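# Structure of the sequence below:
(one chain, ligands or ions: 1)
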Amino acid sequence: MYSEKVLDHFQNPRNVGEIENPDGVGQAGNPKCGDIMKIYLRVENDVVTDIKFKTFGCASAIASSSMATELVKGKNIDEAWSLTNSAVAEALDGLPPVKMHCSVLAEEAIHAAINDYRRRKGLPVLEDKEYNHDHGHQH
Ligand code: FES
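Numbering: from 1, shown residues only. Alright, predicted model coming up:
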């Protein structure tokens, strides 16, 4: 059911933990399953130099957080914003359709952390999309 990459990132998640005095923090939760993901950012000259996560959630949510942090690390803040949940799922060699919504938490939490960073910097926050947390109905 799960790809080897999902199992690997679930069993050996990258970038777990928190950053002290982060430049941005964001959280996303799925009201349907109750899972929660928190993202911490270190940003230097508009580049994400460090990122950590804490996820209270299912295996797919943990694997998605791990992969998303790997994809965002070293990117500039605009590239980080454009990371989509489907790109995260693709990098994991796919998620089962009913588990696609788990990867949405990663996109949403990263967006929340970037907007927190922008707010602290006095920059206008970016408009986020409306997330649909239904199982199996993510596009
Ligand atoms: Fe809730 Fe996966 S079941 S995020």
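
# only C-alpha atoms for contact and neighbour calcs from this point on.
Fine.

# What about the closest residue to the ligand within the chain, how many residues nearby?
Here the chain gets closest to the ligand at one residue, Cys102, 3.7 Å apart by CA to the nearest ligand atom. Using other CA atoms under 10 Å, Cys102 is surrounded by 32 other residues.

# Return the residues of the chain in contact with the ligand.
Within the chain, the positions near the ligand by CA under 6 Å from any ligand atom are Cys33, Asp35, Gly57, Cys58, Ser60, Ala61, Lys99, Cys102.

# Let's see which of the residues you listed end up in helices.
Under the assignment DSSP state H, the residues of the chain next to the ligand contribute Ser60, Ala61, Cys102 to helices.

# my read: the last one touches Ala61, true?
Yes - the pair formed by Cys102 and Ala61 meets the contact definition of CA atoms under 8 Å, at 4.8 Å.

# Count residues in the vicinity of Val125, would you?
16.

# how about the nearest residue to it, chain neighbours excluded?
Spatial nearest neighbour of Val125, chain neighbours left out: Asn115 (5.2 Å); criterion: CA to CA, 6 or more residues apart in numbering.

# That neighbour and Gly122: what is the separation?
Distance of Asn115 to Gly122, given as CA to CA, to the nearest Å: 10 Å.

# Could you do Val6 as well?
The value you get for Val6 to Gly122, if CA to CA is used, is 37 Å.

# out of the two, which sits in the more crowded spot?
Val6 (26 against 9).

# Could I get the pLDDT score of the more buried one?
Val6 is assigned 98 on the pLDDT scale.

# What is the subsequent helix or strand relative to whichever strand or helix holds it?
Assigned by DSSP states H and E, Val6 falls within helix 4-11. For helix 4-11, the succeeding helix or strand toward the C-terminus, using DSSP H and E, is strand 24-29.

# Tell me which residue lies farthest from the centre of the chain.
Gly122 (23.0 Å; CA atoms, centre = their mean).
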